[in-house]
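[1] I'd like to go over a predicted model; first the sequence, then the structure.
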Amino acid sequence: MATLGQFGDNMIRRGVRVEANLNRRVRRIALAILSEVVVQTPVDTGRARSNWVVSLGHMAEEPPFPPYAPGEDGSTASANSTAAIQLGMAAMSDREPEQDIFITNNLPYIGRLNEGYSPQAPANYIQNAIQFGIAAGSNIKVID
């Protein structure tokens, strides 16, 4: 039979695991949302894809970035997607428990793209990416 002290120690260890699992779940959801919204963003110059920015604790206020240089096939789509996702992953890795993750795009026309302006992406692709991310993180147990 466990003593009261052992029970307390077990609860502390469980609490630490719950916090770590929850942090992992939140980061996985945010990464899935970021990845999905980046690849679903229509590409013309690549500027919209390269402007998905992740910040912690507050919304990013950086001015819009120019698109990255074209790849071997002449397209910026791959370079923009890869860079946006890698920068986002790096930002998320520093997340502290209970810290908000913001995924933003400061381009003035991102709302129009989300409304279906481009035939390359359906209307509400941003909301769809959020639902995708939530589903992707739902299988991570918080309490084990």
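    Sure, I can see it. Numbering: from 1, shown residues only.
[2] from residue 57, how far out is residue 89?
    17 Å (CB to CB, to the nearest Å). Yep, even glycine has a C-beta here, placed from its N, CA and C like the rest.
[3] more neighbours: which of the two?
    The residue with more neighbours, out of residue 89 and residue 57, is residue 89; 15 against 10, by other CB atoms under 10 Å.
[4] name the helix or strand for the more buried one, please.
    Residue 89 belongs to helix 77-93 when assigned by DSSP states H and E.
[5] partner strands of the following helix or strand past that helix, parallel or antiparallel?
    Downstream of helix 77-93, the first helix or strand assigned by DSSP H and E is strand 101-105. The pairing partners recorded for strand 101-105 under DSSP bridges are strand 52-56 (antiparallel).
[6] other residues contacting the partner strand?
    30, 34, 37-38, 41, 60, 62, 84, 87-88, 91-92, 94-96, 99-106 (CB atoms under 8 Å, 6 or more residues apart in numbering).
[7] I'd like to check the angle between it and helix 77-93, please.
    With axes from the mean of the first three to the mean of the last three CA atoms, to 10 degrees applied, the angle from strand 52-56 to helix 77-93 works out at 10 degrees.
[8] quick one: mean pLDDT for strand 52-56?
    When pLDDT is averaged along strand 52-56, the result is 95.
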